[in-house]
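Trainee: take this sequence and fold it.
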Amino acid sequence: MVQHKFEQNLTDRKLGHEWYEWDGDIDAHEGFIREPKRLAILLATAELIVFAGLGGAFIWAVKPRLDAIQPAIVPVMGLLLACVSAAGLAALGVVASAIVFGWPLQLAERIVHAFFVRVQWLERFARLFGISKDRLGYSLIEVHNALSARRRRIASNGRILCLAPRCIERSNIDEIRAVAAAFDCDFYVAPNGALARQKIVQLKPAAIIGIACERDLVTGIRDVGYRLPVLGIANKRPVGPCKGPFIDIEELRRAIITFRQQLGLAPEPVSTSVNSRPTEVVQAL
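Mentor: This next block holds a predicted model:
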């Protein structure tokens, strides 16, 4: 039965590499994810506490042997563990404070980027609590977006680039194209992540609005880094990944307005015509 469902659900779609292990079970697929920012922060805090606890247990277990070698080793190891744990808690406090109080702190963005770099460790820890990589990814993206949206100003002569995957439902692509045109943004439908990165290098945008599943967004944000402003919009997948996903167009509007304000531009659309086209568009469907 499972094999039949797997074949039935995959024959009419081409999965991206992030979804190769998907078993084709649409009923169990998390197509509409909403997770708060606190989920990622709480998981990172819990992981740090567990790390500190295991480190302390290890030091306690080997203490007799280390004391026999040199009595000063255990206090030094304990001090190092305490310093690392305190630094980690302080970093998490910086991120939480920046989000709660709306502080535009570049330090907080760097710390969150470190989350994306080591996301596989956090995903493994989340699985212990029954939290999927997609739910964790959504929360991480929300944390990242909250910090990117609070930048005071973007100093760049570039333009806003909207990146969308080729699997987005066709009518939704037309809506995205129309909104990008109305706000005078560049728009590119990327066949894969490599071509999306090439387009970023080619256009040198001031800011990027990435549209994709949580898995691709986490990878893309990690690769771009914190230096180039990025807002991620996770798609909805009612029939599973890589077939007919869509986004809420209002999320796209809000993201574009956020970046236009940071660029010192008027938040209103440049054009109200749905037939106008974004400039510098290169489509690859």
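Trainee: show me the protein divided up by domain.
Mentor: Here the domain assignment for the chain is 37-148, 160-283, based on automatic domain parsing.
Trainee: can you put those domains in CSV and add mean pLDDT, distance to residue 29 and mean neighbour count?
Mentor: For every residue, glycine as well, the C-beta is placed using N, CA and C. Formatted as CSV, the domains of the chain follow (pLDDT from 0 to 100; distance: least, C-beta to C-beta, whole Å; neighbours: other C-beta atoms under 10 Å):
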stretch, mean pLDDT, distance to residue 29, mean neighbour count
domain 37-148, 95, 9, 16
domain 160-283, 88, 5, 19
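Trainee: what's the closest of those domains to residue 18?
Mentor: Closest of the domains of the chain to residue 18 is domain 160-283, at 3.8 Å (criterion: C-beta to C-beta).
Trainee: hmm, back to that, which of the domains of the chain sits closest to residue 27?
Mentor: Nearest of the domains of the chain (C-beta to C-beta): domain 160-283, 9.7 Å.
Trainee: and that closest one, how far from the chain's centre?
Mentor: Centroid separation for domain 160-283 versus its chain: 14 Å, with C-alpha atoms, centre = their mean, to the nearest Å.
Trainee: sorry, back to before: export the domains of the chain to a markdown table and tack on distance to residue 27?
Mentor: Formatted as a markdown table, these follow (distance: least, C-beta to C-beta, whole Å):
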| stretch | distance to residue 27 |
| --- | --- |
| domain 37-148 | 15 |
| domain 160-283 | 10 |
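Trainee: strands of this structure, start to end?
Mentor: For the chain, strands defined by DSSP state E occupy the ranges 160-165, 186-190, 207-212, 230-234, 282-283.
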